[in-house]
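Chemist: have a look at this prediction, sequence included:
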Amino acid sequence: MKKTTTRTTNPTKAIGYCRVSTQEQAQEGVSLAAQDERIRAYATMRGVSLVEVVREEGVSGGTPFASRPQGSRVL
């Protein structure tokens with residue numbers, strides 16, 4: 001029996017997340033805008049529909065995701 005694959009017309013949905021640790025990085029480092037651009041390009045390449053791109057400024061990567069203001073919102 002021959003197997004067929006069915007393609008869905010509904011793209012996968014996702015939420016993007018950008019973060020920098022300090023306000024200085026938000027202004028001068030790897031900017032949130034650059035991260036946002038990369039997330040959007042990746043989503044386009046993979047056929048993913050972005051519902052939203054959430055930004056988090058001045059939050060350490062050591063802070064558990066669920067404890068971050070925007071991280072908990074995403075979850």
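Modeler: Happy to help now that I have it. Numbering: from 1, shown residues only.
Chemist: averaging pLDDT per element, find the lowest-scoring helix or strand in the protein.
Modeler: Evaluated with mean pLDDT, DSSP states H and E, the helix-and-strand set of the chain has its lowest mean pLDDT in helix 23-28, which scores a mean of 65.
Chemist: now do the helices in this structure.
Modeler: For the chain, helices defined by DSSP state H occupy the ranges 23-28, 32-46, 69-74.
Chemist: just checking, what packs against the last one?
Modeler: Read that as helix 69-74. Judged by 3 or more C-beta pairs under 8 Å, 6 or more residues apart in numbering; DSSP states H and E, helix 69-74 is in contact with strand 12-20, strand 48-57. For the C-beta atoms, the positions are set from N, CA and C on the backbone; glycine is no exception.
Chemist: pick the most buried one from the ones you listed.
Modeler: Among the helices and strands packed on helix 69-74, ranked by average contacts under mean count of other C-beta atoms under 10 Å, first place goes to strand 12-20 (a mean of 17).
Chemist: partner strands of that one, parallel or antiparallel?
Modeler: For strand 12-20, the paired strands and their directions (DSSP bridges) are strand 48-57 (parallel).
Chemist: now residue 14: how far from residue 49?
Modeler: As for residue 14, its distance to residue 49 is 7 Å (criterion: C-beta to C-beta, to the nearest Å).
Chemist: nothing else from me, thank you.
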